[in-house]
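K.L.:
need coordinates for the below:
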Amino acid sequence: MKNSIRILFHLGAAANFAYGIYYDLVKLKLPDDYAKVSIDYAGRWKYLTFWNMVLQLIYFSFSILNDMFGSHSMNLKERSTLQRVRDYLFGSLVFPLGMFVATTFWMLWAIDRELVFPVALDAFFPGWLNHIMHTSIVPLDFIELIFIPKTFPERSHALAGLSALMLGYLAWVFFIAFKTDFWVYPVLAVLHWGYRLLFIAGLMILASTMYFSGEQLHYFVWGQRTPEAVKPRQKDSKSPVKTPSKIPVPVNNDRKKTKQN
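P.N.:
The predicted model follows:
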């Protein structure tokens with residue numbers, strides 16, 4: 001993908017999430033009857049969807065800087081500092097969290113939408129904003145993974161970053177629940193503690209699965225991430241096949257002398 005096209009793509013993706021955040025914070029007004037069943041504590045920062053939109057905006061905005069001043073190398077030694085930061089953000093946080101948010105939201109919606117997005121919200125919450133938050137992530141992150149050259153971070157480093165983010169958010173959700181007696185997501189409110197903990201453990205496993213899916217898809221599209229692993233394979237495929245040279249047959253000088261005599 002040419003650099004000018006990359007810049008336009010990253011600009012469009014950043015504008016998508018920037019406008020979603022702006023509309024959600026400034027334009028969207030909650031009616032009084034709905035506000036009674038919610039709380040103002042922490043505002044939109046209660047929701048993982050909002051965390052994800054901010055993360056996506058930061059990533060795609062940072063990608064514009066990398067397009068202009070960084071690199072897009074598959075060689076670990078040739079990457080700029082901007083690309084190193086961009087690649088780590090995408091592999092460890094942006095792709096797995098984006099897929100996690102989209103998957104869990106629409107999966108719970110299919111089971112019972114009241115658990116994540118009550119019907120009462122339809123009266124004042126635009127459908128297009130819902131899709132910016134929970135749907136647009138998927139095509140944008142997949143385009144980024146498939147068409148923009150990058151290297152995936154070390155698995156241990158990536159999983160450490162993802163685990164820190166997810167555990168940090170879970171601690172935030174429990175803090176809000178114990179402080180205000182309000183569960184951010186209705187599905188947590190209807191579950192008993194045993195099932196609640198199992199549900200959270202399942203979500204952590206799902207988040208890890210999203211990371212491994214992104215990692216394997218990246219390797220499928222781009223091959224190995226280290227040039228040392230690629231070079232021998234390329235060298236073997238390009239070098240001509242050498243045919244074995246004729247083995248010289250040793251001449252027996254004693255036999256020659258006998259024939260001459």
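K.L.:
against which helices or strands is the helix or strand that contains G98 packed?
P.N.:
For G98, the host element (DSSP states H and E) is helix 95-112. Here helix 95-112 touches helix 48-69, helix 127-134, helix 137-147, helix 155-180, helix 193-222, going by 3 or more C-beta pairs under 8 Å, 6 or more residues apart in numbering; DSSP states H and E. (Glycine included, C-beta is placed from N, CA and C.)
K.L.:
would you reformat those helices as CSV and include distance to L97, mean pLDDT and mean neighbour count?
P.N.:
Below are the helices and strands packed on helix 95-112 laid out as CSV (distance: least, C-beta to C-beta, whole Å; pLDDT from 0 to 100; neighbours: other C-beta atoms under 10 Å):
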stretch, distance to L97, mean pLDDT, mean neighbour count
helix 48-69, 5, 97, 20
helix 127-134, 12, 95, 16
helix 137-147, 9, 96, 18
helix 155-180, 7, 94, 15
helix 193-222, 7, 93, 14
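K.L.:
and the helix holding G98, which residues are buried?
P.N.:
95-106, 108 (16 or more other C-beta atoms under 10 Å).
K.L.:
in CSV: the residues you listed, plus pLDDT and distance to I132.
P.N.:
Below are these laid out as CSV (pLDDT from 0 to 100; distance: C-beta to C-beta, whole Å):
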residue, pLDDT, distance to I132
F95, 97, 18
P96, 97, 20
L97, 97, 16
G98, 97, 12
M99, 97, 16
F100, 96, 17
V101, 96, 12
A102, 96, 12
T103, 95, 17
T104, 94, 17
F105, 94, 12
W106, 94, 14
L108, 89, 18
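K.L.:
need the helices and strands packed on helix 95-112 in CSV (columns: distance to V119).
P.N.:
Listed next are the helices and strands packed on helix 95-112 as CSV, based on distance: least, C-beta to C-beta, whole Å:
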stretch, distance to V119
helix 48-69, 18
helix 127-134, 12
helix 137-147, 23
helix 155-180, 23
helix 193-222, 22
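K.L.:
mind listing what the residue nearest the centre of the chain touches?
P.N.:
Closest residue to the average C-alpha location of the chain: F95 at 1.0 Å, with C-alpha atoms, centre = their mean. Residues near F95 by C-beta atoms under 8 Å, 6 or more residues apart in numbering: D141, E144, L145, M210, Y211, G214.
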